[in-house]
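J.: generate a structure from the sequence data that follows.
(chains A and B)
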Amino acid sequence: MFEFSLHVATIAALYGLLALSLNLQTGFAGLVNFGQIALFGCGTYGAALAFNNQFGPVVGLLLGLVLVSLVALFFARLGRSLGSDYWGIATLAIGQILLTIATNETWLTGGAQGISGLPQLFTGSTRLQGHLILFSVTLALLAATWWLFHRLTQSKFGLSLRLMREEPQFAASLGYDLDGLRRSAMLVAAVPAALSGFLFAHYMTFVGPDQLFSTETFVVWTMVVIGGLGSHAGVVVGAILTQMLFAAVPFAKDFFALPSEYVAAMRLTLIGGGLLGFLLLRPQGLIPEKVGSIRG
Amino acid sequence: MSKLDGMIVVEGLRAGYGDGPDILHGLDLRVAAGEIVTILGPNGCGKSTLLKAIGGFVPPRAGNVYINAQDATAVPVHRRVRTHHVGFVPQTDNVFTTLSVADNILLGARFLVATERRQRFAALMKSYPSLANKRDRRASALSGGERQLLSIARALIADPAVLLLDEPSAGLSPVMMDEVFDEIVRIRDRTGMTILMVEQNAAQALAVSERAYVLSLGRVAIEQRASELLDNPELAGLYLGAH
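T.: All right, here's what the predicted structure looks like:
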């Protein structure tokens, strides 16, 4: 049971990083990113491609960061010529393009079979100890990202992002460079998403295209909406709650003696139902965004 | 007249939105330094488009815009604050309601160093006691007129040479309207700033302006001294759609 709980907590912390990343983009900068999973995929495939070419995890990490920077800059560049709604659709399309590449370019990505056998990043005297160290590192990274994003969003930069979110034309008239802000927000937000992917790849020891399905993006969206757009604490709470609910699904299945195939369907129902329920009944989420004075 | 003679010079301006038809059809306009000029006209004549094109929000399809004797035609809107010293006061949604009054003003001080920012902020607080009294309150608590003054104060903190106002009296009570127009004159008298505004309330706007342009279907129909324009029979015709 301890190992199971540790697994749930590790995955929740990894999703927490993804949720903080999406929250900075959408909650603060107003960039409605439906291709969030692509940023995560840069981290997973960075680790896998380095491993496949006999390079160590450090190269994998650097490769993941380079890949995610390129994708983030491309996302930001698209924002120059597209309105926010069309931009959201374009990010979804880019996520799907990357999924198609991961599925079909077998020579590079292992295709549908993916790349397996990645080493665990931390090896203690037992496998459990290795997992404990990985969980501690992920938790520390989550706390550091939270702190950094809190500082950033309380600064002049954060105020600029919120101004861009609320009134882009008005922001431009005051001298705020929207292209630059979009670029900075995407780059800063992309890093924890890629780190999450990198840690996930080494934790699961396998990377495959099914990890890039767009449903994963909507899992992160559900966490952010449940927790509260624009609230760092909220989205982390959203990630933990959603992950706990997901973990409870197999137990519910056993309790109600449901067939095994119901597990995936129940999880999808939880995502859709949770998203819809909160959007209709509590759009501000469990912990709403704090508004007030910022002097930067 | 050379293009250096006016603070704002617009030559042969054609502009529109997206792939749509032209809203402005080769329009010319000049505003001298320190002048208050109003753009009038019926709905859909292109007043706001003209102001947005001068402010950089709508890219011209042809023609040129010179501000403060510099070509601003291809300069992105966010750079005009710094390079062309332009202040813009939007028509609606012009304050950030989740922030305090002070923070709203400081949003306009993006390019100022800390000492300059403090000095100008203090000076504005002296000029606008009604805002100073509410400096730490959220902007959502302000009345419509106070919000307009706040929006003007935010544009002023960057010390612009040219101030563009998009319907500054929109949605205001008659009393607040007078206060805003009086403030526009005070700003010009105090700073020598060039002021170009788009207005629907012709009588009040003309009362504080030196000159006015009346647009019709994206072209200048009348250009006249403000004091003479109200007596011009063409003005009523344009508003009633006779042209």
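
J.: now the helices for the chain?
T.: I went with chain A, as the question did not name one. For chain A, applying DSSP state H gives helices covering A:2-22, A:36-52, A:57-81, A:84-104, A:106-109, A:127-154, A:156-166, A:168-173, A:178-204, A:214-227, A:232-255, A:262-281.

J.: that answer is for a different chain, and I need it for chain B
T.: B:47-55, B:77-83, B:101-106, B:114-127, B:129-132, B:144-156, B:174-191, B:202-208, B:226-229, B:233-239.

J.: any weak-confidence spans in chain A?
T.: Within chain A, the segments meeting pLDDT under 70 span A:291-296.

J.: as a quick check, tell me the outermost residue of it.
T.: A:Ala257 (33.2 Å; C-alpha atoms, centre = their mean).

J.: name the residues that touch the lowest-mean-pLDDT helix or strand in chain B?
T.: Lowest by mean pLDDT, DSSP states H and E among the helices and strands of chain B is helix B:233-239, with a mean of 74. For helix B:233-239, the external contacting residues (C-beta atoms under 8 Å, 6 or more residues apart in numbering or on different chains) are B:40-42, B:202, B:214, B:216, B:221-222, B:229, B:243. No exception for glycine: its C-beta is placed from N, CA and C like everyone else's.

J.: also stretch A:229-240?
T.: Taking C-beta under 8 Å, 6+ apart as the rule, stretch A:229-240 contacts A:12-13, A:15-16, A:18-20, A:22-23, A:26-28, A:142, A:146, A:149-150, A:153, A:222-228, A:284-290.

J.: now do stretch A:243-260
T.: By C-beta under 8 Å, 6+ apart, stretch A:243-260 touches A:4, A:8, A:11-12, A:15, A:262-263, A:266-267, A:270, A:274.

J.: most surrounded residue in those residues?
T.: A:Tyr15 (26 neighbours; other C-beta atoms under 10 Å in any protein chain shown).

J.: was I right to think that residue contacts A:Thr217?
T.: No - A:Tyr15 is beyond contact range of A:Thr217, at 11.7 Å (criterion: C-beta atoms under 8 Å).

J.: kindly provide the distance from the nearest residue to A:Ile11 once chain neighbours are set aside to chain B.
T.: In space, and not counting its chain neighbours, A:Ile11 is closest to A:Gln243: 5.7 Å by C-beta to C-beta, 6 or more residues apart in numbering or on different chains. As for A:Gln243, its distance to chain B is 31 Å (criterion: C-beta to the nearest C-beta, to the nearest Å).

J.: number of residues surrounding A:Gln243?
T.: 22.

J.: now A:Trp147
T.: A:Trp147 has 11 neighbours, counted by other C-beta under 10 Å.

J.: how about B:Cys45?
T.: 23.

J.: residues touching it, list them.
T.: Contacts of B:Cys45 by C-beta under 8 Å, 6+ apart are B:215-218.

J.: relative to B:Ala221, how far out is it?
T.: 8 Å (C-beta to C-beta, to the nearest Å).

J.: spell out which parts of chain B neighbour chain A.
T.: Neighbours of chain A within chain B, by C-beta under 8 Å from any C-beta of the partner chain: B:55-57, B:76-79, B:81-82, B:88, B:90, B:93-94, B:96, B:98-100, B:102-103, B:106-108, B:110-111, B:136, B:138, B:154, B:158.

J.: pLDDT below threshold where in chain B?
T.: Using pLDDT under 70, the flagged stretches of chain B are B:1-6, B:93, B:239-243.

J.: repeat the analysis, applying 50 as the threshold.
T.: B:1-5, B:241-243 (pLDDT under 50).

J.: show the contacting residues for residue 163.
T.: Went with chain A since none was named. A:170-171, A:174, A:176, B:96, B:107.

J.: wait, chain B
T.: B:86-89, B:152, B:155-156, B:187, B:193-196.

J.: try 6 Å
T.: Residues near B:Leu163 by C-beta atoms under 6 Å, 6 or more residues apart in numbering or on different chains: B:87, B:193, B:195.

J.: so what's the nearest residue to the second one once chain neighbours are set aside bridging to?
T.: For B:Met193, ignoring the flanking residues on the chain, the nearest one in space by C-beta to C-beta, 6+ apart is B:Leu163 at 5.4 Å. Listed by DSSP bridges, the beta-bridge partners for B:Leu163 are B:Gly87, B:Ile195.

J.: how near is B:Leu163 to A:Gly88?
T.: Taken as C-beta to C-beta, the span from B:Leu163 to A:Gly88 is 36 Å.

J.: what of A:Phe55?
T.: 35 Å.

J.: please identify which of the two sits among more neighbours.
T.: A:Gly88 (17 against 14).

J.: I'd say the more buried one and A:Val32 touch.
T.: Yes - when contacts are counted by C-beta atoms under 6 Å, A:Gly88 is listed as touching A:Val32 (4.0 Å).

J.: now do the same end-to-end measure for stretch B:70-84.
T.: Taking C-alpha to C-alpha, to the nearest Å, the first and last residues of stretch B:70-84 lie 7 Å apart.

J.: now do it: everything it contacts.
T.: So stretch B:70-84 is contacted by A:172, A:175-177, B:56-57, B:60, B:64-65, B:67-68, B:86, B:111, B:158 (C-beta under 6 Å, 6+ apart).

J.: got a PyMOL select line for the buried ones in the residues you listed?
T.: Selection of buried members from the contacts of stretch B:70-84 for PyMOL, criterion 16 or more other C-beta atoms under 10 Å in any protein chain shown:
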select buried, (chain A and resi 172+175+176+177) or (chain B and resi 56+57+60+65+67+68+86+158)
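
J.: closest one to B:Gly145 out of the contacts of stretch B:70-84, please.
T.: B:Ala158 (22.1 Å; C-beta to C-beta).

J.: who are the contact partners of that closest one?
T.: Here B:Ala158 is in contact with B:81, B:108 (criterion: C-beta under 6 Å, 6+ apart).

J.: where does chain A come near chain B, residue by residue?
T.: Residues of chain A lying near chain B by C-beta under 6 Å from any C-beta of the partner chain: A:167, A:170, A:172-177, A:291, A:293.

J.: any idea how far the nearest residue to A:Leu270 once chain neighbours are set aside is from B:Tyr17?
T.: The spatial neighbour of A:Leu270 that comes closest, neighbours along the chain excluded (C-beta to C-beta, 6+ apart), is A:Leu245 at 5.6 Å. Shown here: A:Leu245 relative to B:Tyr17, a distance of 46 Å by C-beta to C-beta.

J.: higher neighbour count, those two?
T.: The neighbour count for A:Leu245 versus B:Tyr17, taken as other C-beta under 10 Å, is higher for A:Leu245 (17 against 11).

J.: how close does B:Val220 get to chain A?
T.: 25 Å.

J.: just B:Leu124 next, same as before
T.: For B:Leu124, the distance to chain A - C-beta to the nearest C-beta - is 15 Å.

J.: from chain A, how far out is B:Gly237?
T.: 34 Å.

J.: contact partners for B:Arg61?
T.: Shown in contact with B:Arg61 (C-beta under 6 Å, 6+ apart): B:14-15.

J.: please name the nearest non-neighbouring residue to A:Ser84.
T.: A:Val32 (6.0 Å).
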